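>>> Quick one, fold the following:
(one chain, ligands or ions: 1)
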Amino acid sequence: MNVGGRHYRTIWLNDDRRAVDIIDQRWLPHEFRIVTLRTLDDVAIAIRDMWVRGAPLIGVTAAYGMAIAMTDDSSDTALDAAWEKLHATRPTAINLRWALDAMRALLKPLPEGERAKAAHGRAAEIADEDVELNRAIGENGLEIIRKTASGKKPGEPVNILTHCNAGWLATVDYGTATAPIYLAMEADIPVHVYVDETRPRNQGAQLTAWEMAGHGVPHTLIVDNAGGHLMQHGDVDMVIVGTDRTTANGDVCNKIGTYLKALAAKDNGVPFYVALPSPTIDWTVFDGLKEIPIEERSGDEVSLVWGKTASGDIAQVRVSPDATPAGNPAFDVTPARLVTGLITERGVAAASREGLRALFPDR
Ligand SMILES: CSC[C@H]1O[C@H](OP(=O)(O)O)[C@H](O)[C@@H]1O
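Next up, the predicted model:
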């Protein structure tokens, strides 16, 4: 995506052809910081501490982590140790394990001397594939927006609510939930986006709002609890969110609060779509509520908030009493029955085993 007139992906190979550069998303929207990840530890920390985040981007970053590890030590021991270290960073997004398994399946049979080059090549392919998958998701989601627009008065925008950040900052480019929005802008279809702030890390307020502003998409930041009210008053035409892991029968695991949006959408007859590339589907899981591990992050993310002070400094402040403990489940599971459709690179599937099998008969 364009930042200040220059096109950026969220991750790219450093000039030394072995490290990777990333946008350190912790400082957005106030500072645009690029950092270089030179070691396996750098990559693990960047994923664990959410310098980079978003299921597809986590997977791509981990793939590059394996490549960097092989450049340092391409032994079987090092390969397995890198897989374990990276896999331990965050438990919920399936793209992480998908990418790590794809890398290890490629590298294990290779002679050690060939692994570093092959690993960087495959990591670059996974990054490029992500861009293409997201563009295709955008094309398929665009048709839904176009159909909705046809039912509106001329010039009246399609009002879309999104939760968290499933934008280009959550992927290599385009995003998943935002891809249809960006393509609608390119097609001159009027859209307006309600951006859930998305407590506690505020990915909506800090990242999605920054993306929307940078791309000229009309948008309104709202508190997480306003979505149901807006739907009750007919202010939302559809919801489009991303996902970190979707089961083989269409249950959707996504940022905490997604389930409540889906309940409100169901109660108000608002279509609830989930945009996802197929590496986000966990074909081995059929009951999301029982089987998907939900990451429990530090309560400090709830009690402490980052922002910019009046004097322009980036600072953290405490919003609760010092002694108050805070719980912080980072994701929840939306049952398939609440999902209108799954927007994939191959088309829009019903949120069911049959729906997904129709698009992915090979799975
Ligand atoms: C396109 S996946 C984006 C997905 O990832 C986010 O989680 P996090 O910011 O904690 O990595 C959120 O669930 C988004 O929907």
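
>>> Helices of the stretch 201-350 of the chain, start to end?
Listed in chain order, the helices found in the stretch 201-350 of the chain under DSSP state H, counting those that start in this stretch are 203, 209-215, 227-232, 258-267, 288-291, 300-303.

>>> out of these, which comes closest to the ligand?
Nearest to the ligand, of all the helices of the stretch 201-350 of the chain, is helix 203, at 4.9 Å by CB to the nearest ligand atom. Backbone N, C-alpha and C define where each C-beta goes, glycine included.

>>> chain center to that closest one, what's the gap?
In this view, helix 203 has its centroid 10 Å away from the chain centroid, taken as CA atoms, centre = their mean, to the nearest Å.

>>> Show me what the host helix or strand of Ile160 pairs with in its sheet, parallel or antiparallel.
Applying DSSP states H and E as the criterion places Ile160 in strand 158-162. For strand 158-162, the paired strands and their directions (DSSP bridges) are strand 191-196 (parallel), strand 238-241 (parallel).

>>> Same list (those) but as TSV, adding mean pLDDT.
Output for the strands paired with strand 158-162, formatted as TSV (pLDDT from 0 to 100):
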stretch	mean pLDDT
strand 191-196	98
strand 238-241	98
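
>>> check contacts around Leu359.
Thr344, Arg346, Gly347, Ala349 (CB atoms under 8 Å, 6 or more residues apart in numbering).

>>> hmm, stretch 343-350 touching the ligand?
No - judged by CB under 6 Å from any ligand atom, stretch 343-350 and the ligand are separated, with a smallest distance of 11.6 Å.

>>> Equivalent analysis for stretch 255-262, please.
Yes - Stretch 255-262 is in contact with the ligand by CB under 6 Å from any ligand atom, via Lys255.

>>> What of stretch 212-229?
No - Stretch 212-229 lies out of reach of the ligand by CB under 6 Å from any ligand atom, never closer than 13.0 Å.

>>> buried stuff in that stretch?
Within stretch 212-229, the residues that count as buried by 16 or more other CB atoms under 10 Å are Met212, His215, Val217, His219, Leu221, Ile222, Asp224, Ala226, Gly227, Gly228.

>>> out of those residues, which one sits closest to Leu161?
Proximity of the buried residues of stretch 212-229 to Leu161 (CB to CB) peaks at Gly227, which lies at 5.6 Å.

>>> per-residue pLDDT, the closest one?
Looking at Gly227, its pLDDT stands at 98.

>>> pretty sure it contacts Ile160?
No - the pair Gly227 / Ile160 is not scored as a contact, 11.5 Å apart, by CB atoms under 8 Å.

>>> what residues does this protein put near the ligand?
53-56, 164, 166, 170-171, 176, 203, 241-242, 244, 254-255, 330.

>>> middle-most residue in this protein, spatially?
Central residue of the chain (CA atoms, centre = their mean): Gly54, 3.1 Å from the mean position.

>>> Ramachandran angles for it?
When quoted as degrees, to the nearest 10, the phi and psi of Gly54 stand at phi 100, psi 130.

>>> how's the protein carved up into domains?
Following automatic domain parsing, the chain resolves into domains at 2-129, 140-359.

>>> I'd like the distance between whichever residue of the stretch 1-150 of the chain sits closest to the ligand and Arg90.
Nearest residue of the stretch 1-150 of the chain to the ligand, counting by CB to the nearest ligand atom: Arg53, 3.4 Å away. Between Arg53 and Arg90 the distance is 8 Å, computed by CB to CB, to the nearest Å.

>>> Same question for Thr77.
24 Å.

>>> repeat for Gly228
29 Å.

>>> mind checking how far the longest helix anywhere in the chain is from the chain centre?
Identified as the longest helix of the chain according to DSSP state H is helix 112-150. For helix 112-150, the separation from the chain centroid amounts to 13 Å (computed by CA atoms, centre = their mean).
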